[in-house]
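Enquirer: only geometry, no sequence info:
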Ligand SMILES: [Zn+2]
C-alpha cells in the first residue's frame with residue numbers, strides 16, 4: 001500500500017482535519033463497459049487520469065465478477081458459467097418426477113416460471129437464479145454456481161467482502177439485488193455525504209443490458225456513456241468533499257462485441273440423432289456450446305461434425321488452462337465449442353434470436369472483449385487482468401484498515 005499512501009501523503013499519519021484525512025475508496029464496477037467504447041473517447045477527463053485496458057476471462061459476468069472479487073481463477077472458486085453438471089446436488093432434482101410429461105407441457109411458459117420459483121424456494125439460493133431457456137427436462141442434470149449473493153461476504157471464496165468484514169473496515173456494497181443503477185448512485189451519494197463508510201463497492205449492472213441491445217448505435221451509446229459519466233462526476237464530487245485522500249476507480253468485467261451473425265449449431269447436432277440426456281448433454285450458451293458425453297459414439301460423431309465447421313473451435317487443453325477453466329472433474333463440460341468473435345449460436349438456450357451485442361468470445365482474439373480499469377490516481381502497479389484489479393482493491397482495503405488502526 002505504501003505507493004498509494006505516499007502518493008497522497010495522508011495515510012498512516014493522524015488526520016489533521018478530522019475524517020477528511022482518512023483514505024476513502026470508491027470502486028465502481030460498470031458491467032460490460034468495454035475498452036473498445038472508451039479508448040478513443042473522453043471519460044471524466046481531468047478526474048480519471050489513469051486508464052488501462054484489462055483482459056477479461058472467457059465467459060460471462062458469472063465468471064468474470066468472481067475473479068474481480070476473489071483474485072482467483074474460476075477453477076479455484078468454482079464460479080464460471082451459471083450451470084454445471086451435478087445431478088446429485090441439482091436444485092432441480094425434484095423435476096425428475098415430472099420428466100415423463102411431454103416436452104411441450106414441461107416447457108410451457110407458466111410451468112417454466114413455476115419450476116424456477118419452486119426450485120429457488122426449495123434450494124434457498126439467494127444469488128443469481130435464472131433458468132434462461134434450458135429445457136426443463138434437462139434441468140435436473142445441473143446445479144448453478146451462484147448460490148449466494150456474491151456482493152456480500154461468503155458469496156465467493158476469498159472475496160474482498162470477507163476481507164472487508166474481517167478487517168473491520170466500514171464498507172458498503174451496492175448491487176441490483178437491492179436497487180436500480182440510478183437508485184444505487186443516489187444511495188451511494190447519500191452515504192458519502194454522511195461519511196458512513198470508508199470503502200464503497202458500487203456495482204452498476206444496467207449498462208450491460210443497454211449494450212446488448214444498442215451497441216451498434218453510436219449515438220445512443222454516446223448519450224448512455226455521458227449519462228453514466230454525469231452520475232460518476234457527482235459521485236466523485238461527494239467523495240472529494242468527504243476526504244482529501246480519495247481513490248476513485250472505475251472497473252468492468254468484460255466488453256461487448258457487436259453481432260456479426262448467427263449460426264444454428266443445434267441443427268448440426270440434432271441431425272446426428274443422439275438423445276439427451278441418454279447419450280450426451282449439451283448446454284447452448286450464446287457464444288459457446290458445452291458438451292458432456294455418456295456414449296463414445298456420440299462423442300466421436302458430435303465432435304467430428306463440429307470440427308468440420310468454420311464458425312468456431314473446440315477449446316484446447318492449453319486454452320482451458322490459460323483461461324483458468326481446467327476443472328479436474330469437467331463439471332463445466334467435457335468439450336467446449338467456442339464461437340468466433342461476433343458469431344452467436346442461434347437459436348441457443350439463451351433465446352431464439354441473440355441480441356445485437358454479446359460477450360463471452362475469445363478474450364485475446366476478440367478486441368471488443370477487453371474490460372477497463374480507470375482511476376483518479378496511479379494504482380501503483382500494472383493493471384492488465386481482472387486479478388490485478390483485485391489486487392488494487394485489496395491494497396485499498398489494507399490502506400483503509402491501517403489508517404483506522406492508527407486512529408485508534
Ligand atoms: Zn451481458
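Expert: Arrived safely, thanks for sending. Quick caveat: nothing in here was measured; it's all calculated off a predicted structure. Numbering: from 1, shown residues only.
Enquirer: Report the separation between residue 176 and residue 294.
Expert: Remark: distance between residue 176 and residue 294 (C-beta to C-beta, to the nearest Å) = 37 Å. From N, CA and C alone the C-beta is placed, and that goes for glycine too.
Enquirer: An error on my part: the question was meant for residue 149.
Expert: 34 Å.
Enquirer: Next one, pLDDT for the nearest residue to residue 135 once chain neighbours are set aside please.
Expert: Distances taken as C-beta to C-beta, 6 or more residues apart in numbering place residue 107 nearest to residue 135, at 6.0 Å, with adjacent residues excluded. Residue-level confidence at residue 107 comes out at 74, pLDDT.
Enquirer: Of residue 149 and residue 294, which one has the most company?
Expert: Between residue 149 and residue 294, counting by other C-beta atoms under 10 Å, residue 149 is the more crowded of the two (18 against 15).
Enquirer: if I've got this straight, that one is in a strand?
Expert: No. Under DSSP: H, G, I helix; E, B strand; the rest coil, residue 149 falls outside any strand and is assigned coil.
Enquirer: where does it fall, phi/psi-wise?
Expert: phi -70, psi 110 (degrees, to the nearest 10).
Enquirer: where does the nearest residue to residue 32 once chain neighbours are set aside land in three-state SS?
Expert: For residue 32, ignoring the flanking residues on the chain, the nearest one in space by C-beta to C-beta, 6+ apart is residue 208 at 3.8 Å. Classification of residue 208 by three-state DSSP places it in helix.
Enquirer: doesn't residue 31 make contact with residue 208?
Expert: Yes. Using C-beta atoms under 8 Å as the test, residue 208 is close enough to residue 31 to be in contact (3.9 Å).
Enquirer: hang on, isn't residue 299 packed against residue 274?
Expert: No. Assessed by C-beta under 8 Å, residue 299 is found out of contact with residue 274, at 9.5 Å.
Enquirer: how far does stretch 273-286 stretch from start to finish?
Expert: 22 Å (C-alpha to C-alpha, to the nearest Å).
Enquirer: Tell me which residues of it come out buried.
Expert: Neighbour counts using 16 or more other C-beta atoms under 10 Å place 274, 276, 277, 279, 280, 281, 282, 283, 284, 285, 286 of stretch 273-286 among the buried residues.
Enquirer: Sitting in helices, which of these do you find?
Expert: Among the buried residues of stretch 273-286, no member falls in helices (criterion: DSSP state H).
Enquirer: What segments of the stretch 101-250 of the chain are helices?
Expert: Taking DSSP state H, counting those that start in this stretch, the helices of the stretch 101-250 of the chain run over residues 103-106, 109-123, 160-167, 181-194, 206-214, 218-242.
Enquirer: can I get the ones you listed in TSV with mean neighbour count and distance to residue 380?
Expert: Output for those, formatted as TSV (neighbours: other C-beta atoms under 10 Å; distance: least, C-beta to C-beta, whole Å):
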stretch	mean neighbour count	distance to residue 380
helix 103-106	12	55
helix 109-123	14	42
helix 160-167	18	17
helix 181-194	17	24
helix 206-214	18	27
helix 218-242	16	19
